[in-house]
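1. this is the structure alone, sequence omitted:
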């Protein structure tokens, strides 16, 4: 992300924001917003009588190579959900909101600046907040409720209506192939070493062995899909807990944001990612990776919230819940470690070993999931 402290960059951001603001509104501030690893996100403040803020994003076109299709998916999703919401009843104290795509003054859903950057704007959900870690059991249930509501609202949307904007996303065997290629290249050039000490880090050896020991079962969900045991459905693609918006007054979930990864996939990817994210109280960025643990109590709360809404799962879907929880944690660790070996070209990194540190957290989480395999399987079966 470019430095916002220079007046020229701030003025450029204001200029971009004005493309999406109504002619009668004035942009009075633009500031960095959120902690995403892919896109550059800003909160725009308006002098307006209607909406005081909106979210402005510069899409990473190295990741989303067809950003127009991303916007097409979001429009398809939001139109379908708004129609469903007209026929969905909620209790008087609960609300559910869908982020709106804001159009430019030329009535387009995106704007491309003179440097070729792809920009879009999304409505801001007022009186809400998100968290990087689960706060308590109620929060855990609400995170599960949010994903269950999300899946339910799009359960009748044909996946054929959504473009696959990230081919290979959550396809663990493909990530393993890429890892093997990057590993071969890094070894042929120079082994990964610590930038300051120029010595091989023991954590690197740990990651290498960890992946080697587990790559044989990385095909489990894709094999089930190929065999017709699991089917494609519309998914969110990235339902980690900081994408779940919580009403500041009621503490209830009211939305899931960050819809760039909405696409056809297995709901198991979403369930696994939500539990991977929610059941690690230390969070993805902790430096205490050796203390990371998958909390079974939080898993139970999230699943209870999810299954209170998602009543479309089949008996076979339940059988693969444990595999999803285990696999997605492993997969993200694999992706972080691969990016570390490749020189931090995909995920934003604050220092050279940042993606290595992230990988260690996910691998430790995977170990903890594996150590509780029987309990997690029993839990998922008891909830059928």
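-> Thanks, I have it. What you see is a predicted model; the values in this text were computed from it and never measured.

2. CA atoms for contacts and neighbours, from now on please.
-> OK.

3. surely residue 44 is in a strand?
-> Yes - applying DSSP: H, G, I helix; E, B strand; the rest coil, one finds residue 44 inside a strand.

4. and the closest residue to it other than its chain neighbours, what element?
-> Distances taken as Cα to Cα, 6 or more residues apart in numbering put residue 30 closest to residue 44, at 4.6 Å, once the chain neighbours are dropped. Here residue 30, judged by DSSP states H and E, is contained in strand 26-32.

5. by contact count, what packs against that strand?
-> Under the contact definition 3 or more Cα pairs under 8 Å, 6 or more residues apart in numbering; DSSP states H and E, strand 26-32 sits against helix 7-20, strand 40-47.

6. all strands for the stretch 201-350 of the chain, in order.
-> Per DSSP state E, counting those that start in this stretch, the stretch 201-350 of the chain carries strands over the ranges 233-235, 244-247, 253-256, 263-265.

7. contact partners for the residue nearest to residue 248 when sequence neighbours are not counted?
-> Closest residue to residue 248 apart from its sequence neighbours, by Cα to Cα, 6+ apart: residue 128 at 5.0 Å. Residues in contact with residue 128 (Cα atoms under 8 Å, 6 or more residues apart in numbering) are 245-248.

8. the strand holding residue 30 pairs with which strands, parallel or anti?
-> Paired with strand 26-32 in the same sheet, following DSSP bridges, are strand 40-47 (antiparallel).

9. whichever helix or strand comes after the strand it pairs with - what's its average pLDDT?
-> Elements were assigned by DSSP H and E; along the chain past strand 40-47, the next helix or strand is strand 53-59. Across strand 53-59, pLDDT averages out at 96.

10. could you chop this structure up by domain?
-> Per the record, the chain has its domains at 7-124, 137-382, by automatic domain parsing.

11. so which of those domains is the most surrounded?
-> Highest mean neighbour count of the domains of the chain: domain 137-382, a mean of 19 (counted as mean count of other Cα atoms under 10 Å).

12. which secondary structure elements does the longest helix along the chain contact?
-> Identified as the longest helix of the chain according to DSSP state H is helix 321-342. Counting contacts by 3+ Cα pairs under 8 Å, 6+ apart, helix 321-342 is packed against helix 172-189, helix 220-226, helix 267-278, helix 354-371, helix 373-382.

13. tell me what angle that helix forms with helix 354-371.
-> Taking axes from the mean of the first three to the mean of the last three Cα atoms, to 10 degrees, one finds that helix 321-342 is oriented at 160 degrees with respect to helix 354-371.

14. OK, contacts around the residue nearest in space to the middle of the chain?
-> The chain has residue 238 as the residue nearest its centroid, 2.4 Å off, counting by Cα atoms, centre = their mean. By Cα under 8 Å, 6+ apart, the contact set of residue 238 is 258, 261, 270, 273-274.

15. Serialize those to CSV and add fields for pLDDT.
-> Below are the contacts of residue 238 laid out as CSV (pLDDT from 0 to 100):
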residue, pLDDT
258, 92
261, 94
270, 98
273, 97
274, 97
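
16. what sits opposite the residue nearest to residue 248 in the beta ladder?
-> Taking DSSP bridges, one finds residue 247 as the beta-bridge partners of residue 128.

17. in the stretch 101-250 of the chain, where is pLDDT below threshold?
-> 188-199 (pLDDT under 70).

18. ranges for the helices of it?
-> Assigned by DSSP state H, counting those that start in this stretch, the stretch 101-250 of the chain shows helices spanning 137-153, 172-189, 202-214, 220-226.

19. for those, give me a markdown table that also has distance to residue 60.
-> As requested, these are exported to a markdown table (distance: least, Cα to Cα, whole Å):
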| stretch | distance to residue 60 |
| --- | --- |
| helix 137-153 | 25 |
| helix 172-189 | 20 |
| helix 202-214 | 28 |
| helix 220-226 | 27 |
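
20. pretty sure residue 305 contacts residue 142?
-> Yes - with contacts counted by Cα atoms under 8 Å, residue 305 reaches residue 142, the gap being 6.1 Å.

21. stretch 112-130: end-to-end distance?
-> This stretch, stretch 112-130, spans 29 Å end to end (Cα to Cα, to the nearest Å).
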